[in-house]
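Asks: coords please:
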Amino acid sequence: MRIEIKENIFNSNDHKKLDHLIRIVFERPLGSVNTKAKVFIDLNECLNSNLYEKLDSIDKELLEVSTKDYFYEDSPTINYTVSNDNNQESYTLEEAIALLNAPFWILLENSRNDQELIKSIIFNFDDNEEYLKDCLKNRWIEFDNAGGCGNVKNLLKQRINSFENFASIYSTNPRKYYRGIVILDSDKDFKTQTIKPEYVKLESFFQRTNIPYHILEKRAMENYMPDEVIIDILRNKSMSNNPDDKKCTSWGNLYQYLNSEQKDFLKYDGLDKFNTLSLGAQNLYRNLLPSNYNILVAGIHYRDNNATEDEEKRFKNAFPKLFTLSPLVNKASLSSRCGTNELEKIFNIIKQLL
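Replies: This is a model prediction of the structure:
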């Protein structure tokens with residue numbers, strides 16, 4: 001993320017606010033490779049200004065080095081402009097402080113579990129700069145929990161409206177100060193199924209309010225788990241006499257013989273009875289023997305037997321953690337299971353927004 005600070009800021013008398021903004025922008029906690037943001041200023045216009053002269057030597061060096069780095073980047077972009085013009089496209093010092101003090105939100109239906117895939121994407125797709133990794137470690141990125149798609153709109157409105165009083169001071173839209181993206185499961189039963197009506201309404205809301213969003217191509221987050229992890233689960237549980245482990249092994253043995261589309265839209269916690277499925281879903285699994293289909297109806301039955309709390313042993317909580325805990329999850333294995341550039345696309349969208 002790069003901020004341009006216009007010369008009219010340096011021609012003002014807001015030394016304390018500029019100093020505050022510089023503290024936020026160049027925050028770099030211990031162990032971080034990157035600062036929270038980068039800066040660009042017109043050195044020719046700003047160097048001799050009254051406000052620039054009041055900055056200490058360290059702040060001057062930070063501004064100058066960050067500005068010079070801009071010219072060495074391949075495709076440098078300015079994400080936000082700080083200016084005294086007071087319009088919808090730029091931010092005053094006070095507005096910029098409010099904007100950058102707030103985290104970048106990644107809103108998920110179930111942030112507790114779904115965040116593991118997003119973290120895995122960031123950990124494995126981040127480039128040498130490791131900027132998104134630093135954003136996670138330093139809580140510059142935070143995950144928002146909608147608690148289901150029915151509450152996504154309400155939560156977004158709540159976040160945006162929290163800036164309502166502040167926006168009224170500058171006669172602007174509170175949406176101006178919200179940074180984030182929404183990522184949702186598709187909940188599709190098969191590839192060509194249309195998205196559910198609730199999503200149509202949500203998409204309309206996202207587009208009206210200019211909220212970035214992504215609806216997964218596959219059914220849900222767990223459908224992106226690399227096959228290598230499933231095979232590893234089989235290997236670890238194959239000799240167990242635990243009833244859940246035996247069911248998990250049966251499920252995993254069958255999973256290996258499913259085609260890519262079946263894996264993409266499989267309900268891990270259990271399919272519905274065949275005769276209750278839509279025609280498109282029935283066609284997807286029609287090649288399976290009834291006995292094999294019944295194994296998928298029962299679900300994966302994965303449990304983390306090493307977890308100390310019963311709640312943490314359950315599939316819903318234990319399985320997603322493998323995205324970040326399994327050594328078999330990496331860029332290659334994630335990309336292979338994904339089958340498209342979708343995960344890289346998600347990573348790039350987040351990176352561009354930041």
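
Asks: When you work out contacts or count neighbours from here on, use the C-alpha atoms and nothing else.
Replies: Noted.

Asks: ranges for the strands of the stretch 1-150 of the chain?
Replies: For the stretch 1-150 of the chain, applying DSSP state E, counting those that start in this stretch gives strands covering 2-5, 38-40, 80-82, 104-108, 141-145.

Asks: domain parsing for this structure?
Replies: The chain breaks down by automatic domain parsing into domains covering 2-100, 102-222+339-353, 225-337.

Asks: Would you mind giving those as TSV with mean neighbour count and mean pLDDT added?
Replies: What follows is the domains of the chain, written out as TSV (neighbours: other Cα atoms under 10 Å; pLDDT from 0 to 100):
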stretch	mean neighbour count	mean pLDDT
domain 2-100	16	89
domain 102-222+339-353	17	93
domain 225-337	16	88
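
Asks: for the strands of the stretch 1-150 of the chain, which one sits closest to residue 187?
Replies: Minimum separation from residue 187 across those (Cα to Cα) falls at strand 104-108, 13.5 Å.

Asks: Neighbouring strands - and their directions - for the closest one?
Replies: Here strand 104-108 is paired, per DSSP bridges, with strand 141-145 (parallel), strand 180-184 (parallel).

Asks: Please state the offset of the first one from the chain centre?
Replies: Relative to its parent chain, strand 141-145 has a centroid offset of 8 Å by Cα atoms, centre = their mean, to the nearest Å.

Asks: what kind of secondary structure is the closest residue to residue 238 other than its chain neighbours in?
Replies: Residue nearest to residue 238 in three dimensions, not counting chain neighbours: residue 249, with 6.1 Å by Cα to Cα, 6 or more residues apart in numbering. Three-state assignment for residue 249 (DSSP: H, G, I helix; E, B strand; the rest coil): helix.

Asks: Residue 249 against residue 237, yeah?
Replies: Yes. Look at residue 249 against residue 237 with Cα atoms under 8 Å: they come within range, at 6.6 Å.

Asks: residue boundaries of the helices in the stretch 251-354 of the chain?
Replies: All helices of the stretch 251-354 of the chain, identified by DSSP state H, counting those that start in this stretch, fall at 260-265, 279-285, 290-298, 310-313, 315-318, 322-325, 331-338, 342-353.

Asks: who wins for proximity to residue 92 among the ones you listed?
Replies: Closest approach to residue 92 among the helices of the stretch 251-354 of the chain (Cα to Cα): helix 342-353, 19.9 Å.

Asks: re earlier: want to try CSV for the helices of the stretch 251-354 of the chain, with distance to residue 220 as columns?
Replies: Output for those, formatted as CSV (distance: least, Cα to Cα, whole Å):
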stretch, distance to residue 220
helix 260-265, 8
helix 279-285, 16
helix 290-298, 16
helix 310-313, 20
helix 315-318, 12
helix 322-325, 13
helix 331-338, 12
helix 342-353, 13
